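[1] Below are the sequence and a predicted model; questions follow.
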Amino acid sequence: MTTITIDPVTRIEGHSKITIMLGDDGSVQDARFHVTQYRGFEKFIEGRPFYEMPGIMGRICGICTISHSMASAKACDEIMAVRIPPTGKKLRQIVNLGSILQSHALSFFYLSSPDFLLGMESAQEKRNIFTLAQTHPEIARDGVRMRQFGQQVIEWIAGKRLHPDWIVPGGAAEPLTAEVRDRILQAVPEALTILTRTLPWYKRIMDEYAQEIRTFGNFPSMFMGMVDRRGNLDLYDGSLRLVDERGKRVEEGFDPLAYADYIGEAVEPWSYTKFPYYKPMGYPEGMYRVGPLARLNVVDACGTPRADQELTEFRQLDRNVVLSSFHFHYARLIEMLYCVEKIEQLLNDPDILDPQVRAHASPNSREGVGVTEAPRGTLIHHYKIDRQGRIAWANMIVSTTHNNLAMNRAVKQVATRYVNGTNLTEGMLNRVEAVIRTFDPCLSCSTHAQNDLALHVQLIDPAGKVLDEAVRG
Amino acid sequence: MANSEDFCRGRACPTQGEASLAPTENLEYCSHLAQGASGETTGRAASCSGTQVLVIGYGNPLRRDDGLGQRAAYQLSDVLTTEYPVEVMFTHQLTYDLAESVSRVQHVILIDAAVGDTPGAITCREVLPQGDQPHTLLHHMEAGALLASTLVLYGTAPHTTLWTVVGESFEFGEALSPAVEQALPELMAQIAAYIQALCCPQAE
């Protein structure tokens, strides 16, 4: 058997590698997406006071910092057994939406649009946002502006765009000022304008990628995401709904606090990332996907006018649910539109300037689970504390982890379609990486890698001899 | 943190524009830069209300002296923003996203820690847009690359100076080393004088 290794995968957050196993005839036998980092956060927080968790957990990642702090704070709310003030909840929602917005802008404009606009066959060293700035400066500028808008929402409300200490157990550290509210509202029209011109543009170029749409993680699976009481998209709080590949509801909406009853975590010896699955169906049959594509597949509606218009059109792509992982990109754009609309709605709430934004309490429960929707999908933090309020045990299922089974399957699908075992081509390598990029995995959520991003691919014959090799970096 | 060797390697770094001088000489040098810069970028004598300055302090405040940039920027924001048309930003590292903010001003002042032999030494140098942009992105960006990106995206690259203080300790911790702590007031004074020279040259 011959093995091709892509190590690490580029233009994703974090460090991973891909191995593709070929048979003697050069056909793909299997493919694996390995996460080669180790996180360790669950262990080294043991013994720390629970109220430190939002601050510590935010450090897991520089992109998803808000998501981790948010899920962590929600777990702490449970430990304190408090109901946070309504305005505190709304402010948390706005900051969470800003976080999702900036992350989606990063993924779509910076990391993935070079694939669409410069072509899958183009040279890797040229296929990046800097080249895009020269060839399509208007798209690059829109990307910069959208990411900036999301970051400004975070910075203006929470004080800092990275690792703010504003998200606290019981609510938020500071209320919103009228000046900040008005400043964000003034920026909303421009953000809507950018998205209103980006969506039609993306839909046009999507036609050029029919083959990739057919083969990029296009397979039946379940999808999971959070919905509110009416079944609408909710990125902060709600119940978790699962649908199958035909759109049939497998779970109408279970309480996220009971996640362990529904989600199992399998382990494979070749990856540091676990393999979550839907328990009633077992492993690996219980594979499901999370994130923007999954969320749009499970909701009844987005709940904001423009995003709902786009959702209607999005659903025409497939008969029941949209299966191709290539459409994560499209779903990301629709969610960005939703985020801007929802931020505007929440900021116009008459109570949004209420100074009561935090509940105070000592621990009233020895256990807490916090679940929220992060940019890449459902994020779960689960803590147990000792009598002194120190963390005794912790478990996290980060968004990217939920997609682990599906990402592995997607890599195999693309490799089977594009990899020719006799030589390595730029287009082949690019597509194997690009399918991973559709999921926008954030492996930094698993660890803090120090590695420079680079690519190392080897084609090895059954005797272990290196037949072909490519290094990027 | 800035490393002057790394910073200039393979790029059009103006060696004559670098200064690693005693405080007084450094101030004179940067005042010279300020006078030249205000004339070059505005084409007229800058007035106290006309020149827009962006200060970006960057580094990791949890790695002792690497937090110098953010610390200095915070302190400057307290004393300068009401007096001059100065916007102050704090960030862990320079990123592509800053290009839009950079494009909107006439002058950018970057503050960072540096690696060097003399802890506490203050350096000021002009930064030029440099052509080689990294093809891996997001986690690290040189000042010259930020300016080059700004130039490509927005057609302008403002006059930019990078102010550094050589650090002594980059270990885990929030406190600056004694040498850097001691240099901080001098750095602030120099930057304040520089901004004054940029914004109100007639007051010199």
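    Thanks, I have it.
[2] Backbone dihedrals for the nearest residue to residue A:85 once chain neighbours are set aside, please?
    Spatial nearest neighbour of residue A:85, excluding adjacent residues (C-beta to C-beta, 6 or more residues apart in numbering or on different chains): residue A:356 at 4.6 Å. The C-beta positions use only the backbone N, C-alpha and C, and glycine is treated the same way. Main-chain dihedrals, residue A:356, degrees, to the nearest 10: phi -80, psi 100.
[3] So in chain A, which helix runs the longest?
    In terms of residue count, the longest helix belonging to chain A (DSSP state H) is helix A:178-206.
[4] hmm, it touching chain B?
    No - shown here: helix A:178-206 not in contact with chain B (C-beta under 8 Å from any C-beta of the partner chain), separated by at least 11.4 Å.
[5] buried residues in that helix?
    By neighbour count with 16 or more other C-beta atoms under 10 Å in any protein chain shown, helix A:178-206 contains the buried residues A:180-181, A:184, A:187-188, A:191-192, A:194-195, A:198-199, A:201-202, A:206.
[6] list the contacts for the closest residue in space to residue A:304 that isn't next to it in sequence?
    Leaving aside its sequence neighbours, residue A:304 sits nearest to residue A:341 (C-beta to C-beta, 6+ apart; 3.7 Å). By C-beta atoms under 8 Å, 6 or more residues apart in numbering or on different chains, the contact set of residue A:341 is A:192, A:304, A:305, A:306, A:307.
[7] what helix or strand is residue A:341 on?
    Residue A:341 is part of helix A:328-347, with elements assigned from DSSP states H and E.
[8] Spell out the residue ranges of the helices in the stretch 101-250 of chain A.
    Using DSSP state H, counting those that start in this stretch, the helices of the stretch 101-250 of chain A run over A:113-118, A:129-135, A:137-158, A:178-206, A:210-215.
[9] Let me have the ones you listed in JSON lines, extended by distance to residue B:65.
    Output for the helices of the stretch 101-250 of chain A, formatted as JSON lines (distance: least, C-beta to C-beta, whole Å):
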{"stretch": "helix A:113-118", "distance to residue B:65": "36"}
{"stretch": "helix A:129-135", "distance to residue B:65": "31"}
{"stretch": "helix A:137-158", "distance to residue B:65": "24"}
{"stretch": "helix A:178-206", "distance to residue B:65": "32"}
{"stretch": "helix A:210-215", "distance to residue B:65": "48"}
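[10] Including mean pLDDT, could these go into a markdown table?
    Output for the helices of the stretch 101-250 of chain A, formatted as a markdown table (pLDDT from 0 to 100):
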| stretch | mean pLDDT |
| --- | --- |
| helix A:113-118 | 84 |
| helix A:129-135 | 83 |
| helix A:137-158 | 94 |
| helix A:178-206 | 96 |
| helix A:210-215 | 88 |
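[11] pLDDT weak spots in the chain?
    Chain wasn't specified; assuming chain A. For chain A, applying pLDDT under 70 flags the ranges A:1-16, A:35-39, A:421-424, A:443-473.
[12] actually chain B
    Filtered on pLDDT under 70, chain B yields the residue ranges B:1-51, B:81-82, B:131-140, B:201-204.
[13] Would you map the strands across it?
    B:18-19, B:53-58, B:86-91, B:107-114, B:122-127, B:159-166 (DSSP state E).
[14] Direction included, what does the last one pair against?
    Put plainly, it is strand B:159-166. Using DSSP bridges, strand B:159-166 pairs in its sheet with strand B:107-114 (parallel), strand B:122-127 (antiparallel).
[15] Same check on the third one?
    Using DSSP bridges, the strands paired with strand B:86-91 are strand B:53-58 (parallel).
[16] How is chain A divided into domains?
    Following automatic domain parsing, one finds the domains of chain A at A:2-37+A:414-472, A:85-216.
[17] rewinding a little: can you go through the contacts of residue A:341 and name the buried ones?
    A:192, A:304, A:306, A:307.
[18] Which of the residues you listed sits closest to chain B?
    Closest approach between the buried ones among the contacts of residue A:341 and chain B, by C-beta to the nearest C-beta: residue A:192, at 17.5 Å.
[19] so the closest one sits right up against residue A:307, yeah?
    No - the pair residue A:192 / residue A:307 is not scored as a contact, 10.8 Å apart, by C-beta atoms under 8 Å.
[20] what touches both of those two?
    By C-beta under 8 Å, 6+ apart, residue A:192 and residue A:307 have these common neighbours: A:337, A:341.
[21] Please, where are all the helices along chain B?
    Taking DSSP H as the criterion, chain B carries its helices at B:4-8, B:23-42, B:68-80, B:99-103, B:143-154, B:178-199.
[22] rewinding a little: nearest to residue A:210, of the contacts of residue A:341?
    residue A:307 (25.2 Å; C-beta to C-beta).
[23] now the angle between helix A:328-347 and the strand or helix carrying the closest one, please.
    Residue A:307 belongs to helix A:305-314 when assigned by DSSP H and E. In terms of direction (axes from the mean of the first three to the mean of the last three C-alpha atoms, to 10 degrees), helix A:305-314 departs from helix A:328-347 by 160 degrees.
[24] Show me what counts as buried in helix A:305-314.
    For helix A:305-314, the neighbour count (16+ other C-beta under 10 Å) marks A:306, A:307, A:308, A:310, A:311, A:314 as buried.
[25] Over to stretch A:317-325?
    So, applying 16+ other C-beta under 10 Å, buried residues of stretch A:317-325: A:321, A:322, A:323, A:324, A:325.
[26] can stretch A:129-140 be found next to chain B?
    Yes - Stretch A:129-140 comes into contact with chain B (C-beta under 8 Å from any C-beta), by way of A:129, A:130, A:133, A:134, A:137, A:140.
[27] same for the helix holding residue A:307, what does it pack against?
    In terms of contacts (3 or more C-beta pairs under 8 Å, 6 or more residues apart in numbering or on different chains; DSSP states H and E), helix A:305-314 is packed against helix A:178-206, helix A:328-347.
[28] Isn't residue A:380 up against residue A:71?
    Yes - with contact defined as C-beta under 8 Å, residue A:380 counts as touching residue A:71 (6.8 Å).
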